[in-house]
Structure formats: C-alpha cells, structure tokens
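Novice: Pasting the sequence and the predicted model now:
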There are 2 protein chains.
Amino acid sequence: MHVNIVGAGIIGLATAFELSSRGHTVCIIDPSPGQGASHAAAGMLAPAAETVWGQGPLHQMLAASNKSYPDFVNRIQAISGQRPDYLTSSTLVVAAEPADREALHELVELQTSLGLSAQKLLPSQARNLEPALARNIAGAVLCEDDHQIDPRSVVRILLEYFQSDLVLEQCVEVIKDDKNQTTAVLTSSGTRLEAEQTILCTALGTVRGVQPAPVRPVYGDILRIQGPPGPALVTRIIRGIVHRENVYLVPRKDGSLVLGASVREDGNPQVNVGAMYNLLDNARRLVPGISDCSLNEVIARARPATADDRPLIGRIDPGLVISTGYSRHGVLLSPLGSTLTADLTEHLPASAMLKDVDPYRFPTYSSDTLLEQSS
Amino acid sequence: MHVNIVGAGIIGLATAFELSSRGHTVCIIDPSPGQGASHAAAGMLAPAAETVWGQGPLHQMLAASNKSYPDFVNRIQAISGQRPDYLTSSTLVVAAEPADREALHELVELQTSLGLSAQKLLPSQARNLEPALARNIAGAVLCEDDHQIDPRSVVRILLEYFQSDLVLEQCVEVIKDDKNQTTAVLTSSGTRLEAEQTILCTALGTVRGVQPAPVRPVYGDILRIQGPPGPALVTRIIRGIVHRENVYLVPRKDGSLVLGASVREDGNPQVNVGAMYNLLDNARRLVPGISDCSLNEVIARARPATADDRPLIGRIDPGLVISTGYSRHGVLLSPLGSTLTADLTEHLPASAMLKDVDPYRFPTYSSDTLLEQSS
C-alpha cells in the first residue's frame, strides 16, 4: 500500500523505514526535514539513568525500545549501507553534593524495583572510570545498559535513503471522502497527495481537518561543545544531579560533547540565557574540564510533551493515524513507536501496548470534539 | 591619486572613507569584508570607563578619537545617506563586591588625573539610573562622555558605499619596483592591482613581501542577547568589575545587548566554553535579568594586539603604509587612525601623534629585518 507520512523527524523517518521494510511505498512530507526536536536531541538511550517515579507503563516501553535499538541500527545499516552513530558506552549517573545523593538512592531503589541494571559506585570508583569528574562528587551509579545514538546520524541516513520519496512542503490539510475517511493530504503548493493511509508525525504541528493532538511545547536548550585535542574528556554519558537539577554530557566519537538540556515551558523558542548558564554551571560542577572546550553550537527546540509523558499513537479515522507526543523520549522510542504505528497503519492485531498510548485516554481528545468543531 | 587598501575591517573602511572624502580613488581588497574583529566588537567608545594605568600616550589618542566620533558619524551620514547606530547613552562602571570598589577608586583617581569625566555614585544612585542592577552592587561611577557605536552598522554602510571599489579576494603579495617601492598588489586570482599608494589594514594577516607586523592575536568571546519584550533591561553601557574581572553589557537601540568580552591568548579561534561561562557569570552578578534574555549569537574573534596596546601606523616604503595593531581599541580609534593613516598616505606633514604609533618603536621591527629576510 502507499502511505503518506507527514513530518520527517526521527519518528516520521523511522515509521517510513518500518513501513518501507514491510514492502509499502511512502511519501514523506516536511518543509524542513530533521530540523525539529531530532536536531537538538542528545540521543541518550537511558531508560535506567533517566527513570523517574510514577511513569507507569512508560518504563516498560522505554526498556523495550532500548532493547530493540541494536536491531533497529543493524536494519538501517543493512538496507541503507550506512551505520548510524550508535555507541554502547554505558551511562554514569553522578550526584554532585551530599544532598544529591538522596536522589541517587531513590533512583537506584526505583531502578532495582524495575529490574533495571544499576550499580552503586563510590566517588573514587567513579573517578577511576572517568578521571575528568570533579574530586568532590558525592556518589555515582553505573547504568550498564544505557547507551546513546546520534539522532542526526539516523536522520541524515534515512533522509538520504528516502530522498526520492520526500516532498519539501508543508502539509496544510487532510482530505476526507464522504465517509469521513482520510484519502489524501494537501500541501502548501496546492498539491494533492493521495494515499491509502496517512500518518501524522507532526510533533507540535497542526493540520487542517484534524483535531490538534493534546501536546504542549516543552522547550530544551542544548549545547554542542568540542573537547580539546587528545584523549576524550569523558568516555561515557555523564548524567548529573546537581542541586537536584539534571544535566547530562554525552560524548560523541569525534570528541565532541552534547551538553543538555533545560526544560522550559515559557513559550520562548529561542535559546534562554539563564537556562544555558545553568547548564554550564551544573556541568562544570561535575566535569570542570568542559571549560577548556570550544563551543560548536547552542540551539533550542520544543519537545512535543503530553501530560503523562507517554506518546500519542492511535487511529483517527480509517485512513488516518497519528504518532506524536513523544515528550523527552522521541529518540529512544523511535524503534518501538515506529513498529506500533506501522502495525496500526497495517490494521494488524493491536499490541497490548497500544492502549497505553491511545490518544483518546485524554478526555479532551475525542472524535466528538472533532465532529463538533467541523459542524 | 589611487590607493589600494588591503583589509575591509572598520579600520580599512574608515581609511577608505577618509581618502575618498579627500578626493582620492580607492580599491579595497578583502575576501571576507567586515568579518574579522569588527564583526565581534561591541563598539564601546569608552576612554574614561576603560582607562588603565600605564598606557601613556594612548589615553590622549583614545580621548581625541572619541571627541571626533560625532563628526565621523555625521560625515558618513552626509556622504552615504545612512547614519551608523551611534548612541550617546553614557557608561556606568559598576563594582560588584566591596573588594571591587578598590578598583573603582583607582579608576576614578586615574580618570580625574587625566581630566576625564567621571562621577562617583552610591549603589542606590546607580540603581536609580539602572533599576536592573543587582541590589548588592558595591559602587558605581558614571562616565558621561563614554558612548557607543554599532561597528556592524559602520561596516555595513561603508561596504555599501564602496560596493564598486571592492575586490573580494585575498591580497597575497605586494609588488615593488626596482627602487624597492610598492607599486601594486597581487590577489589570490593572480590579478595585479596597481596603485600609487597601498595601505595594509590587515590586522593579524600577513602579505608576502612585507615583514609581518609585531602583533599577536588576543582572542575575545562575545555574546549577543535579546532582552524580553518591554522596556530595555539597561539603558546605558554597564561596565562591570566583578572579582577584579571585567565584563560589559552594551544595550542596542533594538533591545538587544552585547555581552563581552573575554581576553584569551590561548591561540584558539573558537568560542571558549569557560570564558563564555565566566562572562555570563559576571554579567548575571551585576544584572540578574540577563537570565530572561534569549541568545542571539556567540562568536570569537582575534584582536590584533601590540605590546603597548598602541596601534602601528607607519610608512614602510614610498608606496606602502601599514595601519594595524589597534588592540582593543580599533572601533574607538577608527576616526583618528584613519586620519593619521590618510595623512601619511598623502605625505602630509606628520602629526606629532605619529611617533607614538610608529611601528619601528619595536626593535624587532625594522627595514633591516625586511632586507635581511629578502636577501
């Protein structure tokens, strides 16, 4: 079958890849492919290090998607001939102050209760692993199954792979037949693109004819810095807790580091000076050597967040599926999210997980609302 | 006469403007006009606020050039039809900690001894003028004659004005006749550009056939931030002394602020993370509200510095003049430097000031050295 995929972020592209692998043809519509949250994301695949209380079924989804990452990467490589930058470098969660150790203890307790790999380390043991850590850290936890991918490498490879299936335009409207079934989309140039199925992977974007998804923008500021020549400053992800605030440093193969990320709900899409300062301040507390780095880039992007941090994957009409609201977990959930979305698109028997990501779990989101709006 | 001007920073362009005003024709050679230090500079015209002990004759030069700025700006406007962004907003020097007050006292003492305008203020008086200042500042000095220009506006206007006189190529060599007099320059494309006089305004750049000027790169990191909508965060230049370190905030007409500048001699042309952090840290100490700003830009550039901070303006051979080494004062010294350089180029009677900027004041720089090199 032929499928329209609106949105060429990592979710849209992974979904296109999944459907294409299953023998379908795709048309991917995006005026600025890969320039949204995927362009900012650090690509931490850290279900253990980033776990928090009260996420319910999200834990299982994150762990399951993390497990399928090696296969996801291998399949991309097998089909495209290029391997995304996936590093199984593990993650060290580091508490800065004695008061931050409490958060570390809570984290380990939660990780253990969820069966996630987590190993408490003394500060000296942590500094043995990562000598660039500050001497006065308070404690650390090694998460051996928490790795990383460079989302830009996934996006770049898949955009090349789908080069001839890409329409560099805004999708402005979904077009329905008299049975209220989506049959096509309309682009900003007035082009009508027919498809048996249409999938909206539009993050925070809206499309005429479809009720806006219950997502809100949660902005993140993120820095990319370059270590001085010589040995890498750190060799694994450093996930820090500094005065109860979070910060991370993700070392790339090329000696660069991704330093992130703020969490802002102030509606400002520009990089915030205070948030950037805070990231630098907290990162310096843990790894003083970042002061010797050069700045490559500072950007801000909006994460499409939901009230419970779980994505919204569901069928809107017999021809229309949505897949958005991945909150902070878009990169990690790409393999699982694209599989669930492809299953739904193919009308395969529903996975048990689909009920946890059903967009209709939010009472404000309903077919009725849409009908009321369009009446 | 026809003059080659190598280098289209603010010095080269101001010199071209001066010579053009005197009826000469110019050819300006630069592969990236206005992209050097002029692109980074905040444009503080602050001979009083930035004065330091031991600069000798530089004080008089800075004060004289500052006095001629209104005329410089008016002349640019009269001839080009566009007015550079010159703001006579004054400057407030602010000491953060009680220990920084000492530096403030020294500054006022020096300013008074030099006859510069400087008025001591209590913290409460300073906060009356600039309510965004932190409550716990230790003291302030108002410098009523210290203003600002946006160097990018000068560069933009003069580049437009000289559009048809611009050669967007690297000058690779000066060409001399059999009397060792420069008669032309050679560009990267092999073009030979003849001129009666050639002026090198090449900052740190070198040109074959001319002894490199005794300048060294002093890097500066500088941020451009955007205030939140509404009244401007600050209305005059804030020149801060924080833990004996310097920082400044220069408010532009459009609500943006220039936050600078580090002083690095580490040979790294990239933005340094530690220096950027330090600027933010010190600026936040004085004006906490910068945390609410958005980041527009962070760049680093090299200042062409000399051992005594005074520029190098002098005649190298009967057809060749150099004008470089303006250190931290290129923007402020543009009117004076371009006048002195034009006088020299026209073989006018030497101003008394020329001996203070003579490149041969440095023993390592001499005609002999050049002859030895080329023999």
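Specialist: Thanks, I have it.
Novice: Next up, phi/psi of A:Thr345, please.
Specialist: Phi and psi for A:Thr345, reported as degrees, to the nearest 10, are phi -60, psi -40.
Novice: can you tell me the helix or strand for the closest residue to A:Glu106 other than its chain neighbours?
Specialist: Among residues not flanking A:Glu106 along the chain, A:Trp53 sits closest, at 7.6 Å (CB to CB, 6 or more residues apart in numbering or on different chains). Every C-beta, even on glycine, is put in place using the N, C-alpha and C of the backbone. For A:Trp53, there is no helix or strand it lies in under DSSP states H and E.
Novice: Which stretches in the stretch 151-300 of chain A count as helices?
Specialist: Residue ranges of the helices in the stretch 151-300 of chain A, as given by DSSP state H, counting those that start in this stretch, are A:151-161, A:273-286.
Novice: Buried deepest among those helices, which one?
Specialist: Neighbour counts (mean count of other CB atoms under 10 Å in any protein chain shown) averaged over each of these peak at helix A:273-286, with a mean of 22.
Novice: From the rest of the structure, what touches that one?
Specialist: Contacts of helix A:273-286 with the rest of the structure, by CB atoms under 8 Å, 6 or more residues apart in numbering or on different chains, involve A:94, A:96, A:133-134, A:137, A:221, A:223, A:238, A:240, A:242-243, A:245, A:247, A:249, A:259-262, A:264, A:290-291, A:298, B:223, B:225, B:273-274, B:276-277, B:280-281, B:284, B:290-295.
Novice: who's in contact with A:Gln125?
Specialist: Taking CB under 8 Å, 6+ apart, we find A:Gln125 in contact with A:Ala140.
Novice: Show me which positions of the helix or strand harbouring it end up buried.
Specialist: Assigned by DSSP H and E, A:Gln125 belongs to helix A:123-129. Buried residues in helix A:123-129, counting neighbours by 16 or more other CB atoms under 10 Å in any protein chain shown, are found at A:Pro123, A:Ala126, A:Arg127.
Novice: Which of the three states applies to the residue nearest to A:Ala37 when sequence neighbours are not counted?
Specialist: Closest residue in space to A:Ala37, ignoring its immediate chain neighbours: A:Arg301 at 4.7 Å, by CB to CB, 6+ apart. Three-state call for A:Arg301 (DSSP: H, G, I helix; E, B strand; the rest coil): strand.
Novice: these two touch, right, A:Arg301 and A:Ala40?
Specialist: Yes. Contact criterion CB atoms under 8 Å: A:Arg301 and A:Ala40 qualify, at 3.7 Å.
Novice: Now the common contact residues for these two.
Specialist: Here A:Arg301 and A:Ala40 share the contacting residues A:Gly220, A:Ile222, scored by CB under 8 Å, 6+ apart.
Novice: before we move on, back to that, nearest to A:Arg216, out of the helices of the stretch 151-300 of chain A?
Specialist: The closest of the helices of the stretch 151-300 of chain A to A:Arg216 is helix A:273-286. By CB to CB, the value is 17.5 Å.
Novice: and the closest one, how far from the chain's centre?
Specialist: Between the centre of helix A:273-286 and the centre of its chain there are 22 Å (CA atoms, centre = their mean, to the nearest Å).
Novice: Next, the angle helix B:273-286 makes with it.
Specialist: Counting by axes from the mean of the first three to the mean of the last three CA atoms, to 10 degrees, helix A:273-286 points 120 degrees away from the direction of helix B:273-286.
Novice: can I get the CA coordinates of helix A:273-286 in PDB?
Specialist: Extracted as PDB, the C-alpha positions of helix A:273-286 are listed here (Å, rounded to 0.1, in the frame of the first residue of the first chain):
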ATOM      1  CA  VAL A 273      20.400  32.800  28.500                       C
ATOM      2  CA  GLY A 274      19.600  31.800  32.100                       C
ATOM      3  CA  ALA A 275      19.000  28.100  31.100                       C
ATOM      4  CA  MET A 276      22.200  28.000  29.200                       C
ATOM      5  CA  TYR A 277      24.100  29.500  32.100                       C
ATOM      6  CA  ASN A 278      22.600  26.900  34.400                       C
ATOM      7  CA  LEU A 279      23.500  24.000  32.200                       C
ATOM      8  CA  LEU A 280      27.100  25.200  32.000                       C
ATOM      9  CA  ASP A 281      27.200  25.900  35.800                       C
ATOM     10  CA  ASN A 282      25.900  22.400  36.600                       C
ATOM     11  CA  ALA A 283      28.100  20.600  34.000                       C
ATOM     12  CA  ARG A 284      31.200  22.500  35.200                       C
ATOM     13  CA  ARG A 285      30.400  21.300  38.800                       C
ATOM     14  CA  LEU A 286      30.700  17.700  37.600                       C
END
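Novice: Kindly provide the whole-number mean pLDDT of it.
Specialist: When pLDDT is averaged over helix A:273-286, the result is 98.
Novice: Point out where the stretch 251-375 of chain A drops to low pLDDT.
Specialist: In the predicted model, the stretch 251-375 of chain A carries pLDDT under 70 at residues A:367-375.
Novice: repeat that with 90
Specialist: For the stretch 251-375 of chain A, applying pLDDT under 90 flags the ranges A:349-352, A:363-375.
Novice: Now the helix holding A:Gln125 - C-alpha only, PDB.
Specialist: Provided in PDB are the C-alpha atoms of helix A:123-129 (Å, rounded to 0.1, in the frame of the first residue of the first chain):
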ATOM      1  CA  PRO A 123      33.200   8.600  44.200                       C
ATOM      2  CA  SER A 124      36.700   7.100  43.900                       C
ATOM      3  CA  GLN A 125      35.400   4.300  41.700                       C
ATOM      4  CA  ALA A 126      33.500   6.700  39.500                       C
ATOM      5  CA  ARG A 127      36.700   8.800  39.100                       C
ATOM      6  CA  ASN A 128      38.600   5.700  38.200                       C
ATOM      7  CA  LEU A 129      36.200   5.200  35.300                       C
END
